[in-house]
Structures are given as structure tokens and as C-alpha cells.
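>>> curious how this folds, go ahead:
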Amino acid sequence: MDKIFTVAVREFIETVKTKAFLISTVFMPILLVVAIAGTGWVGQLAEEKSVPPRRVALVDQSGMVATEFMKEVLKNNEEDPTKQFKVTAVPPEAADEEDLAEDVRGGALYAYLLIPPNVIDESAPCSLGRKDSQFEPGRRLQTMLNEAVRAVRFAQAGIDRRAVDDLMASVPIRTIDVQTGEEASGGEAARLLTPFGFMLLLFMGIFGISQGLLTSVIEEKSSRVVEVLLSAVSPTQLMAGKIVGMAAVGAVLLGVWGTVGYFGAQSQGVSYLVTGYRLLHVALYFVPGFLLIASILAGVGSACNTLKEAQSMIFPLSLVTFIPMIFWFQISQNPASLFSIVLSYIPPITPFVMVLRICVDPETPLWQVISTLVVLWLAVLAAIWAAGRVFRVGVLMYGKPPSLRELLRWLRYS
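As a prediction, this is how the structure comes out:
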């Protein structure tokens with residue numbers, strides 16, 4: 001046990017001294033804090049304060065929308081004088097869409113808007129051509145056009161638009177933190193992305209550090225350092241010490257990022273999204289999740305001579321572990337579906353799927369939490385047993401990497 005502890009301490013110290021670890025645990029959190037604190041300032045800095053009036057050619061083939069559209073443009077220019085539109089009405093008989101497009105390409109116009117004759121009755125599509133892909137100007141033009149068309153429709157139907165707007169006015173909703181009973185800030189986007197953030201934190205803690213274990217084993221094997229180490233400790237003690245040491249590194253990384261996320265959420269008034277309940281489950285699934293992946297990578301690293309060989313061997317595992325990343329939105333929106341539950345019992349991705357589900361739905365059944373942890377720990381024991389057998393044989397073997405048949409033979413006879 002003392003030798004395992006010695007190897008673990010050595011692995012921990014050697015890892016935390018690397019530049020990659022310092023960047024991931026010191027500079028990246030600082031950068032995140034600065035980004036959180038300075039998002040509004042950077043947005044204001046990046047936004048153009050004033051732009052020249054954007055020239056727009058309007059071709060109204062319906063003969064009914066142009067007047068209302070001009071009113072909407074005037075309203076827009078009064079509300080935001082820094083981003084004005086200058087609209088010129090072009091008679092339909094004198095308008096040629098190709099000529100208008102050429103004016104836009106040449107810079108004489110910012111955009112042209114062509115309104116078909118049956119836009120009011122049949123909602124025929126209008127044509128908007130502009131020279132850039134900026135979101136805000138395009139959204140404003142589309143909004144003004146729709147408001148103008150609606151105004152014409154209301155007028156034709158003899159309906160008071162203001163009365164309808166009053167009836168259709170949205171009801172403001174306050175988000176309440178059920179833990180404190182106080183009003184919480186943050187919108188639906190924060191609620192939606194928080195579970196993904198927790199899953200990403202767990203993913204970084206497991207794979208970001210266990211990849212370092214893979215690299216460490218291959219480097220020590222290729223430089224023959226492992227032969228010196230095995231003169232003092234057994235292969236099992238060496239593998240166990242490396243895994244424990246890297247697990248401690250992952251715990252430090254997870255703790256730093258979790259602390260930054262917690263206080264960052266508090267500073268933004270969304271502490272109700274980063275609760276102790278969620279952080280507890282991240283920790284519960286991190287330990288077996290890391291041990292499982294680290295054991296697999298330790299076994300693979302001992303069987304390979306180069307990082308390229310190891311990457312090709314773990315490629316299938318990489319594909320499986322990206323499943324939660326690909327389907328995170330579907331899982332988060334349907335945490336109790338059969339699809340989500342089945343994915344929860346596939347050991348390599350169990351931690352990520354369960355953290356995602358629990359963060360979305362705190363009422364995830366306790367029996368599912370316990371059963372998935374049991375399945376995960378059984379997978380950990382199996383992976384450690386298999387990795388230990390592969391490690392004992394492969395760590396001192398050089399040359400051609402073993403085939404799948406040879407790996408199975410190692411598991412049987414080692």
C-alpha cells in the first residue's frame with residue numbers, strides 16, 4: 001500500500017507541475033471569471049455605436065404595404081438614431097430585380113425588398129436581398145415588414161390594432177428560487193445550458209486527465225523508465241498508483257472548476273442553477289467514471305508503443321463517449337424517456353448521461369441513481385481486472401502492437 005501511495009504522489013506531483021495543468025486550473029478559470037464579469041463591457045465595445053443610414057429599395061407590387069412600411073421605418077429610426085434605414089420606393093413597373101441586386105453588390109444599396117401583389121391575402125413570400133449577413137439589420141427589416149403587413153390586414157378587417165395588441169400583451173413571469181423564495185435572474189437559455197455545463201465539466205475532469213495517464217504510460221514505456229520503476233514495485237502497484245494519482249489530479253481540476261462555476265453563478269444571480277445537490281452527484285459519478293476510463297487507457301497505453309497506436313485502439317471508445325455530447329439536447333428535454341434510461345446503463349457514458357438527467361430533473365428516481373452507480377462500479381471492477389492483466393504483460397513488451405486476439409490471450413493466461 002505504501003508503494004501505491006508513493007507512485008500516486010509522484011504521478012500527482014509530476015502532473016501538476018506541467019504547463020497544461022497550470023493553464024487548465026489557473027489561467028482558464030481566471031479567463032472564465034474575466035469573461036463572465038466583462039461580457040457586457042466586451043459586447044458594448046464590439047458593437048458599432050453608429051453606422052451610416054442603410055439605403056433600402058422598396059418595390060411594393062401590392063400597392064398597399066409601402067405606406068405602413070415607411071411608418072415602421074420612421075419609428076425604428078426614432079427609437080435608434082444610430083442605426084437608421086433610408087428607404088426609397090421604386091415603382092413596380094420601373095423595377096428590375098437583377099438591376100437591384102447589382103446595385104446591392106456594387107454598394108449603391110444596402111438591400112432591396114420586393115413585396116409581391118398577393119402578400120396580404122395569400123401570404124406570398126417577399127424577396128429580401130442584402131450585401132451582408134449581420135443578424136440585427138436583417139431581423140429589423142423582417143420585423144418592420146411583418147408589422148406593416150399586419151397593419152394592412154387589420155385595417156382591411158376593420159379591427160382596432162391597438163386593442164388587439166393590448167389583448168395579446170404578454171404576461172411577465174418572475175423566476176423564483178425555491179430554495180430561498182427570492183426572485184432569481186437568468187432566463188431560459190441559462191436553464192437550458194446549465195445541465196450541459198455540468199456534463200462538460202465532468203467530461204473534462206474524466207477525459208482531460210485520463211488522457212494524461214495514457215500519455216504518461218506510453219512515454220515511460222518508450223523511454224524504458226518503466227523498467228526501472230518495475231524493479232521497485234509490481235506492475236499492479238504501478239498501475240494502481242498511477243490511476244490513484246491521476247484521480248487526485250482530476251479531483252483538483254473538478255474542484256477548481258466547480259468552485260469557479262459556483263461563485264460565477266452567484267455573481268450572476270443564478271446560484272439556484274448550481275446547487276449542492278447537483279455538485280454532489282457530479283462527485284458521485286466522477287470517481288467511478290474516472291476509474292473506468294483511466295483503467296481502460298492504462299491498459300491500452302501499456303500495450304502500445306506510440307501515441308498514434310493508442311489513439312487508433314481507443315477510437316471505438318471515443319465514438320461511444322461522444323454519444324451524450326451529440327444527443328444532450330434530446331436527453332435533457334426527455335430525461336425520463338426510454339432512450340435516456342437505456343443510455344444511463346451503458347457504463348462508459350453512464351456518468352455523463354446521469355449527470356445530465358439529474359441536473360435537468362432533480363426528481364430522477366433514486367433507484368435509477370443507485371442502480372446506475374452499481375452498474376458503473378461493476379464495470380470499474382471488470383476494467384481494473386482486465387487492465388491489470390494487460391498491464392502486467394504489455395508494459396514490458398515492445399514492437400508490433402497486439403491484436404484483439406492477443407489481448408484476449410493475455411487476459412486468459414496472464
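
>>> could you list the buried residues of the helix or strand where residue 14 lies?
Under DSSP states H and E, the secondary-structure element containing residue 14 is helix 2-16. Neighbour-count burial for helix 2-16, counted by 16 or more other C-beta atoms under 10 Å, picks out 4, 7-8, 11-12, 15. For every residue, glycine as well, the C-beta is placed using N, CA and C.

>>> moving C-terminal of that helix, what's the next helix or strand?
Next along from helix 2-16, by DSSP H and E: helix 19-22.

>>> neighbours around the nearest residue to residue 191 once chain neighbours are set aside, how many?
Excluding the flanking residues, the one nearest residue 191 by C-beta to C-beta, 6 or more residues apart in numbering is residue 273, at 6.7 Å. Neighbour count for residue 273, taken as other C-beta atoms under 10 Å: 21.

>>> list the contacts for residue 361?
Residues near residue 361 by C-beta atoms under 8 Å, 6 or more residues apart in numbering: 335-336.

>>> give me that answer again for 10 Å
195, 332, 334-336, 340 (C-beta atoms under 10 Å, 6 or more residues apart in numbering).

>>> got these as a markdown table, with pLDDT columns?
A markdown table is the format used below for the contacts of residue 361 (pLDDT from 0 to 100):
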| residue | pLDDT |
| --- | --- |
| 195 | 81 |
| 332 | 86 |
| 334 | 89 |
| 335 | 89 |
| 336 | 88 |
| 340 | 90 |
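
>>> hey, where'd the helices end up in the stretch 151-300 of the chain?
Under the criterion DSSP state H, counting those that start in this stretch, the stretch 151-300 of the chain contains helices at 161-167, 188-222, 225-229, 235-267, 276-303.

>>> if you count neighbours, what's buried in whatever helix or strand residue 72 lives in?
In the assignment (DSSP H and E), residue 72 maps to helix 66-79. By neighbour count on 16+ other C-beta under 10 Å, the buried set for helix 66-79 is 66, 68-69, 72-73, 76-77.

>>> ok, the nearest residue to residue 235 once chain neighbours are set aside to residue 239 distance?
Leaving aside its chain neighbours, residue 235 sits nearest to residue 392 (4.3 Å; criterion: C-beta to C-beta, 6+ apart). The spacing between residue 392 and residue 239, counted by C-beta to C-beta, to the nearest Å, is 8 Å.

>>> mean pLDDT for the helices of the stretch 151-300 of the chain: which is lowest?
Ranked by mean pLDDT, these bottom out at helix 225-229, with a mean of 72.

>>> thinking again about what came up before, intersection of neighbour lists for residue 392 and residue 239?
Looking at what touches both residue 392 and residue 239 (by C-beta under 10 Å, 6+ apart), the common residues are residue 302.

>>> residue 259 versus the residue nearest to residue 191, what's the distance?
15 Å.

>>> residue 155 now?
Distance of residue 155 to residue 259, computed by C-beta to C-beta: 59 Å.

>>> also residue 408?
Remark: distance between residue 408 and residue 259 (C-beta to C-beta) = 44 Å.

>>> again with residue 200
Residue 200 is 16 Å from residue 259, by C-beta to C-beta.

>>> leaving out the residues flanking it, which one is nearest to the one residue sitting closest to the centre of the chain?
Nearest to the geometric centre of the chain sits residue 196, at 5.8 Å (C-alpha atoms, centre = their mean). Nearest residue to residue 196 in three dimensions, chain neighbours excluded: residue 328, at 5.4 Å (C-beta to C-beta, 6+ apart).

>>> what is the burial count for that neighbour?
The number of residues packed near residue 328 is 19, by other C-beta under 10 Å.

>>> the one 3 residues further on too?
For residue 331, the number of neighbouring residues by other C-beta under 10 Å comes to 24.

>>> again, but for the one 5 residues further on
Applying the criterion other C-beta under 10 Å, we find 13 residues in the vicinity of residue 336.

>>> where does it fall, phi/psi-wise?
phi -100, psi 10 (degrees, to the nearest 10).

>>> spit out the contact partners of it.
Contacts of residue 336 (C-beta under 10 Å, 6+ apart): 357, 360-361, 363-365, 368.

>>> so of those, which ones are in helices?
357, 360, 368 (DSSP state H).

>>> how far away is the first one from residue 336?
To tie it back to what came earlier, the one meant is residue 357. Residue 357 sits 8 Å away from residue 336, going by C-beta to C-beta.
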